[in-house]
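# For reference, the sequence and a predicted model appear below.
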Amino acid sequence: MFIRAYLRASTKEQDANRARASLDQFAADNGIRVAGYYVENESGAKLSRPELFRLLDDCQPGDVLLVEQVDRLSRLNATDWAQLKATIAQKKVRVVALDLPTSHQLIQSGDEFTARMLDALNGMMLDMLAAIARKDYDDRRRRQAQGIETAKAKGKFKGRPEDADRNAAIMSMLRKGQSWNSIVAATGCSRSTLARLAKRVAADAGEAA
């Protein structure tokens, strides 16, 4: 049995490795060793997460997927959660989460009856915590949207502040004739942002002409 740790944060500004010390301590307390760490910055509401599925591809039957909290594994809607669960079940991987005490016993060997009972109990608790995590995600998005609408109504909403330094660099690349694909690859900007800045460069060129 191999223990594979999954660490996730939603954005690149957040430290996905933040929980590593907690996972290491849990492993030490239980006399086990983490065989590998799979780290990524992706939303838990997305099913498409390369490192999570690389972890599952690497797993053999009986391996453990270790996470700090269930919401690190899933903030998925019901359909996507069912698909992820099916993949985990197909691989015969056991999910152990630090915030799910019933799962901790899954790292210990036992008789078949006890193992099946623990698997069933853990599956039920995982479903419940995954549903709570999704509700929390939906509630936060709804409150955020309501806050934006209220701010717009009061004339106070200005949107996300512009990254002036990055945009200046992108505009410089556009003026030098670099391709859009190379600029996207170098800066990570969206094509919609690139299109907006291209229009700005064209307008500046028109004024200078």
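Good, I have the coordinates.

# can you map out the helices along this structure?
Counting by DSSP state H, one finds helices in the chain at the ranges 20-29, 50-58, 70-73, 78-91, 112-153, 164-175, 180-187, 191-208.

# list the helices and strands the fifth one packs on?
Translated: helix 112-153. If you count contacts as 3 or more Cβ pairs under 8 Å, 6 or more residues apart in numbering; DSSP states H and E, helix 112-153 packs onto helix 70-73, helix 78-91, strand 94-97. Using the backbone N, CA and C atoms, a C-beta is placed for each residue, glycine as well.

# same deal with the second one?
Judged by 3+ Cβ pairs under 8 Å, 6+ apart, helix 50-58 is in contact with strand 3-9, strand 34-41, helix 78-91.

# Other residues contacting stretch 31-40?
Applying Cβ atoms under 8 Å, 6 or more residues apart in numbering, the contact partners of stretch 31-40 are 2-8, 16-17, 20, 23-24, 27, 49-52, 54-55, 58, 66, 107.

# Which members of the residues you listed are classed as buried?
3-8, 16, 20, 23, 27, 49, 51-52, 55, 66, 107 (16 or more other Cβ atoms under 10 Å).

# Among those residues, find the lowest-pLDDT one for me.
Least confident entry in the buried ones among the contacts of stretch 31-40, by pLDDT: I107, with 84.

# Run through the residues that contact that residue.
Residues counted as contacts of I107 (Cβ under 8 Å, 6+ apart) are M1, I3, N30, I32, V64, R94, V96.

# And it, how close does it get to D29?
Taking Cβ to Cβ, to the nearest Å as the measure, I107 and D29 are separated by 11 Å.

# Next: S172.
Distance check for S172 against D29: by Cβ to Cβ, it reads 53 Å.

# S192 too?
In this structure, S192 and D29 are separated by 48 Å, where distance is defined by Cβ to Cβ.

# where does this protein have low pLDDT?
Low-confidence segments of the chain, defined by pLDDT under 70, span residues 109-111, 156-160, 207-209.

# Spatially, which residue comes closest to E51, not counting chain neighbours?
Spatial nearest neighbour of E51, excluding adjacent residues (Cβ to Cβ, 6 or more residues apart in numbering): E40 at 3.9 Å.

# The one you found: how many residues sit nearby?
Applying other Cβ atoms under 10 Å, we find 15 other residues in the vicinity of E40.

# next one: S22
Using other Cβ under 10 Å, S22 has 13 other residues around it.

# what's the closest non-adjacent residue to it?
With Cβ to Cβ, 6+ apart as the measure, E68 is the residue that lies nearest to S22, at 5.6 Å, once sequence neighbours are left out.

# Verify the stated contact: that neighbour with Q25.
No: taking contacts as Cβ atoms under 8 Å, E68 lies outside contact range of Q25: 10.8 Å.

# Looking only at neighbour counts, state which of these two leads.
E68 (21 against 11).

# and that one, what is it in contact with?
When contacts are counted by Cβ under 8 Å, 6+ apart, E68 touches L7, A19, S22, L23, A97, L98, D99.

# again with S74
Taking Cβ under 8 Å, 6+ apart, one finds G44, W81, L84, A130, A133, R134 in contact with S74.
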